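Colleague: what's the 3D shape of this:
(chains A, B and C)
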Amino acid sequence: MSPGFTQTDFLSIMPEMLIFGMGLVVLLFDLFGQGRSTRNLAYLTLLTLGAAGYLDVMLLGQFLPGFGGSVIADDFSIAFELVFLVVCALTVLISIRYLEDRGLNHGEYYALLLFATGGMMVMASGRDLLMIFIGLEILSISSYILCGFLQQDRRSNESALKYFLLGAFATGFLLYGIMLIYGATGSIALQDIRAALADPATFQNPYIWMGLGMLLVGWSFKIALVPFHMWTPDVYEGAPTAVTAFLSTGPKAACFAALVRILFEALAATRAEWQQVFWVLAALTMTVGNVLALHQDNIKRMLAYSSISHAGYILVALVAGGEEALAGVIFYALAYTLMNTGAFAVLILSSAGDRERVNFSDYAGFGYLEPALGAAMFVFMLSLAGIPLTAGFAGKFQIFKAVVGQGYIWLAVIGVLNSVVSIYYYLRISVVMYMQPATGDSISTRPPGSVPLYVAIVGSLAGVLYLGIFPGGWLEMSLHSVSRIITGG
Amino acid sequence: MLISFYILAALAVGGALSVVLFRSPVYCALSLVATFLCLAGIYVLLNSEFVAAIQVLIYAGAIMVLFLFVIMLLNLRSDKPLRHSWTWPKLLGIGFAVAIIFQLIGIFHSPAARMGPAGKYSTEYLQQKGAVEVVGEVLFTEYVLPFEIISILLMVAVVGAVILAKRREPASTEQTP
Amino acid sequence: MNEYLWLIPALPLLGFVLNGLVAPRFGKGFVKVVGPGVVGLSFALSIAAFCEMLQAPGQSITQHAFTWLESGGLYVPIAFVVDRLSGLYILIVTGVGFLIHIYSVGYMGDDDEYAFWRFFAYLNLFLFFMLLLVLGSSFLLLFVGWEGVGLCSYLLIGYYFDKDSAATAAKKAFVVNRIGDFGFIVATLLIFMNFGTLEFAEVNARAPGVLAAGGGLVTAITLLLFLGATGKSAQIPLYVWLPDAMEGPTPVSALIHAATMVTAGLYLVARMSGLFVLAPTTMAVVAIIGAATAFFAATIGMAQYDIKRVLAYSTVSQLGYMFMAMGVGAFMAGIFHVMTHAFFKALLFLGSGSVIHAMHHEQDMRRMGGLLKHMPITGYTYIIGALAIGGVPLFTAGFFSKDEILWQSFASPAGHPLLWAVGAVTALMTAFYMFRTVALTFFGESRVDKHTAEHLHESPWTMTLPLSVLAVLSIVGGWIGIPHVLGHGVGIGNALEHYFEGFFAKVPAEVAHHEASTELLLMGLTSVLALGCMYGAYVLFSRNLARAEALKKALSPLQKLLEKKYFIDELYEWVVIKPVYYTSKLLLWRLVDVRIIDGMVNGVGNGVRHVGGALRIIHNGVIENYAVGIAVGAALIFYFLVY
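Modeller: Numbering: from 1, shown residues only, chains lettered A, B, ... in the order given. Sure, this is the predicted structure:
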């Protein structure tokens, strides 16, 4: 143990430090800038995210373990960090008007978003169980508070409280799992655990298996896999819409990042077993998420259930393992972020004032009243449904191809069947938008536009189409970044 | 040793159960204090007096006192007795929770179960160097990064508490539904 | 010089973009030029590509546009291939497409501007996807087109969205197609698994080496592919969407639901002939499903009154014919019929559209009659179309292609006299019901109501010109495939056979020898009977409607059964849709969502505003119920992992 730190140590956590530091700065500005427009804080947040993205890109191609190996800046963490930055930036963009409409445009909101993003980044770059856990807790606590940000709204409070209580319950499992694995291997560093598992005696230790089980339960809750998903619809529906967009994309991606790290870097030896568990969970998750989404009349709730099934698709990739499939995880994380946040952005833009338009019937004739917005929504829905030339298709294709390549034909069949079913409810929006006449209830007056919202929509739309038509670039980067995870270097 | 462990453990579990089962918030809080104290006792049995002291100071002392203050200030009483209804999901849940407990007991008694390699911080080492010093040294060298980042975590929690607790008027628009 | 291939699909895409985004600024005139214009250019390029392909070494030309996906040994370029099959297809798609675009200018002319540009935007987009489907060199690109045409079809069926039935029909089409797509996707995955590639050429070439002939795997793959084909090409059991699809505007029915998109399934089977011949079981299934569909749909077509519905069932029936041909290994005959059918069925649809246009959107033949004198061009071209589909010998296109199919189903090694018999009876029924529409619409007493009768008029030239061109094609289009028994004597070869020489894989069996006299005899028999049926229908429905009514009465249960389409829709509703719906609703939603989640939520919100509510929430059961799921899942996972 060396008391001094080298440049590498700090370099490895530069983006995280920047995000956390700027989070504090935003808080301070909010404190001293009372009364002034908080839009500036939002822009400062965006600037921060951009700068962190720049740092990440600079670190690309490096392999920098820092602080005794507890964190690392490698391509895997950087790929995911870029996804988180995109998630956060889109969330900021879609939040500005949403909060202003409710008179809640406070600086803390952006600070919390930055902290949550920092937490996610720590999760992706953490290389021991402690770092990953702390990252997760920062993320979770920020998320609980963000859920309850609409103080006046009962449902928002309820959402925060439920999320908090159940989240704490799941955290208990996670912590217990970490403890058991630490007990059996004597280490929390992923590499050491991997080394310890090479010993057959350790491998047969039931602590390892119980610990693995506890970890799986904890993560399954955080990712909302069936049957650990029940909190999702309530929390998502009650949370502010912008926060829902954030919750359904960022934290899930972060949990997958951490899960991949833990399972492939530390617990690769137990792969045969957790693969089977995930096989069942993936099949359940895709199916239940889809079937429940079928019956929703509230778009927000429908997207909540559909986010469950999308997590199922990503889980399919984990079952397959292998470079191809894990690249699919990264690819899909970005694709899902773009299409899902895009859809939420349209929901927010069309909600006038603090009246939310989240029911299907609110969108009757929307495609004619707002051709451009309607078309954008349509594309997002197509992408969520996995129609070719959109990001959603490219992602699903990558994953299912990898799964079939590994011989899991039935899981692929279940996945394909589910994506076939999902068409039905995604298309329902377009049916309402294009094939039902506008009624008095539907959106007839154009709510005041907001440049950040337009930027978010156009950005996501461009991203969805770009990833759908030219998936090569991001896919190659994803492939490149998982290669070391597989080999365990 | 073993006997005192079992007594403390039983008390801790009993305290935890009463936190859940008592109707009055004050009783709940006091049961929690009892649980924390028992845990501190277990830490002592494990030769980590430092952790035990911290446990008593922070949890049983600071945090729980605050809890009690809040409960009493808000004058929370069990005004309406809450009924526990035994629905089938609940019974199912309890059944499976018990199953999990037995599974845990099962693995601890499994012949293949064994602890991993012990680290260098043996009891002798700690007694020789002093637990506080060792903890301090580790905290500021090997685990300095988690230590620092946890401060962010606490920061978030504090900010969150302020946001959720503070009632404030909407900043720009006056009317709210 | 084949760098221009990408332009063939790209031009309609450009048209879509222009019509969709720019057109609202410039108005209808702009759309009238751009909409058909881009397709016309695309047609010209298709002709150029076709000619080049004819002379090209290896009988195909390819353009690699760019790399789409490249990962782990799978390399998917966006590449366009014009070969014998796709060359013919692009000519049909762009040629007929061009005519129908021109026609639409007249037909949709009355619609308001907004609807007008939307229509052309969709139509152009459809052609883009259809051309992508046909030109794509791999399953993936074909799939893009496959989904794309489905989407456009969906948008266009629901074009008159203010009609409830249109929206329902659109959704039905989409959902049914997705069932087929499922088969397609799984087949694609299986192919990728076994071949490691998705390029058609490679899969076809390596199929005999990779897959055991007649083995379970190849049978599974081809059956799944065929499932996809049945969805797109409206075969039993997935045909139900096509008749409903007639809710769309008539040019759409002509282009998408008769001439092009519905033949995509046939294209797929023909494209994969190398795989299909390895699976005799699948081939038999294809042939039987094809024959059954042909027969079944024809019987329904006999009892419909909506002119477009008759044509729709006739399309289903004719598609069945083509599948029957493919099923007996006569891929060429199938594709031949695809082509001639595109001509005369587009003609018939456009003719019916012309009538509907003149009748102010009346589609019931019971309120038509005697229209020939009001709209002669429409009338005569329609009759030519009916003659062609009825198979009037020697000078209509339909005769040659239909006869080829019938003969192959009899004589091919995979054929069977029973298939021939079903096909022949179907042909007679086709002749009958087509002339029933002719007689009811154009001959006999006028049953048109007074108001409409005053406004009866021939359609504008934009509509009659395409009709005339298609009428000519419906006659001469068959001459490229004159059978040897007829052509040999007068020195005319079978151009089509020469064209497709060695292109399709062959069913591995020795060819039985058949006397030319047998072929002539069968040909003559069906022709004469078909002529008789036409004449019978004409007489019955133009001059003796009363007798037709009496006949109907006599056959009333059968008539009812046919008119109601064998109650198949109702059957599906009760056997498939309702059970699935209620199972999911009752079992999953009610039990899991409502009982455990929704039911609890409602009781919760009330107390939360008080701080005390925070504690109450813990006690009132919601959270506990959520936790139940976690506990159950956790216990099961632990059990699996540890014990």
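Colleague: which SSE is the residue sitting nearest the centre point of chain B in?
Modeller: Centroid check for chain B by C-alpha atoms, centre = their mean gives residue B:36 as the closest residue, at 7.0 Å. If you go by DSSP states H and E, residue B:36 is part of helix B:25-45.
Colleague: Run the contact check for that helix versus chain C.
Modeller: Yes - using C-beta under 8 Å from any C-beta of the partner chain, helix B:25-45 reaches chain C at residue B:25. Where C-beta positions appear, they are placed from N, C-alpha and C, glycine not excepted.
Colleague: Excluding chain neighbours, what is closest to the residue positioned nearest the centre of chain C?
Modeller: Nearest residue to the geometric centre of chain C (C-alpha atoms, centre = their mean): residue C:262, 1.2 Å. Distances taken as C-beta to C-beta, 6 or more residues apart in numbering or on different chains place residue C:233 nearest to residue C:262, at 5.2 Å, with adjacent residues excluded.
Colleague: now swap in residue A:120 and tell me
Modeller: Closest to residue A:120 by C-beta to C-beta, 6+ apart is residue A:254, at 3.7 Å.
Colleague: same question, residue C:536
Modeller: Closest to residue C:536 by C-beta to C-beta, 6+ apart is residue C:432, at 6.8 Å.
Colleague: Please give me every residue in contact with that neighbour.
Modeller: C:302, C:533, C:534, C:536, C:537 (C-beta atoms under 8 Å, 6 or more residues apart in numbering or on different chains).
Colleague: Report the separation between it and residue C:530.
Modeller: As for residue C:432, its distance to residue C:530 is 9 Å (criterion: C-beta to C-beta, to the nearest Å).
Colleague: returning to what we had before: need the residues that contact the helix or strand following the helix holding residue B:36.
Modeller: Where DSSP H and E defines the elements, the next helix or strand beyond helix B:25-45 is helix B:49-54. Outside helix B:49-54, the residues that touch it by C-beta under 8 Å, 6+ apart are B:40, B:41, B:43, B:44, B:131, B:132, B:135.
Colleague: residues contacting the first one?
Modeller: Taking C-beta under 8 Å, 6+ apart as the definition of contact, the neighbours of residue B:40 are B:52, B:53, B:55, B:56, B:60.
Colleague: and the residue nearest to the centre of chain C, how far is that from residue C:470?
Modeller: Residue C:262 is 17 Å from residue C:470, by C-beta to C-beta.
Colleague: Local confidence estimate at residue 106?
Modeller: The chain I'm using is chain A. If you check residue A:106, the pLDDT there is 79.
Colleague: switch to chain C, that's the one I care about
Modeller: For residue C:106, the model assigns a pLDDT of 85.
Colleague: can you count the residues close to it?
Modeller: Other residues near residue C:106 come to 21 when the count uses other C-beta atoms under 10 Å in any protein chain shown.
Colleague: just the one 5 residues further on next, same as before
Modeller: Neighbour count of residue C:111, defined by other C-beta under 10 Å: 17.
Colleague: The residue nearest to residue A:120 reaches residue A:137, doesn't it?
Modeller: No - counting by C-beta atoms under 8 Å, residue A:254 sits too far from residue A:137 to count as a contact (12.0 Å).
Colleague: Now for the two: what residues contact both?
Modeller: residue A:119.
Colleague: The two: which has the busier surroundings?
Modeller: When neighbours are counted by other C-beta under 10 Å, residue A:254 and residue A:137 differ, and residue A:254 comes out ahead with 30 against 23.
Colleague: Pull out the buried positions in the helix or strand where that one lies.
Modeller: Following DSSP H and E, one finds residue A:254 within helix A:241-260. Within helix A:241-260, the residues scored as buried using 16 or more other C-beta atoms under 10 Å in any protein chain shown are A:241-260.
Colleague: tally of neighbours for residue C:423?
Modeller: 27.
Colleague: what's near enough to touch it?
Modeller: C:291, C:294, C:321, C:324, C:405, C:406, C:409.
Colleague: please redo it, this time with the cut-off set to 10 Å
Modeller: Counting by C-beta atoms under 10 Å, 6 or more residues apart in numbering or on different chains, residue C:423 makes contact with C:290-291, C:294-295, C:320-321, C:324-325, C:402, C:405-410, C:415, C:526.
Colleague: hmm, back to that, anything in contact with each of residue C:432 and residue C:530?
Modeller: residue C:390.
Colleague: Just give the closest residue to whatever residue of chain C ends up closest to chain B, not the sequence neighbours.
Modeller: Nearest to chain B, among the residues of chain C, is residue C:628, at 3.4 Å (C-beta to the nearest C-beta). In space, residue C:628 comes closest to residue B:93 once its chain neighbours are excluded; the distance is 3.4 Å by C-beta to C-beta, 6+ apart.
Colleague: What does the pLDDT read for that neighbour?
Modeller: pLDDT, read off for residue B:93, is 80.
Colleague: Next: residue A:121.
Modeller: Residue A:121 is given a pLDDT of 96.
Colleague: Now do the helix or strand harbouring it: which elements does it pack against?
Modeller: Assigned by DSSP H and E, residue A:121 belongs to helix A:107-125. Judged by 3 or more C-beta pairs under 10 Å, 6 or more residues apart in numbering or on different chains; DSSP states H and E, helix A:107-125 is in contact with helix A:14-32, helix A:39-59, strand A:64-66, strand A:71-73, helix A:75-101, helix A:129-147, helix A:241-260, helix B:144-165.
Colleague: Would you mind measuring from the residue nearest to residue C:262 to residue A:147?
Modeller: From residue C:233 over to residue A:147 (counting by C-beta to C-beta), the distance is 50 Å.
Colleague: for residue C:545, same thing?
Modeller: Distance from residue C:545 to residue A:147, by C-beta to C-beta: 72 Å.
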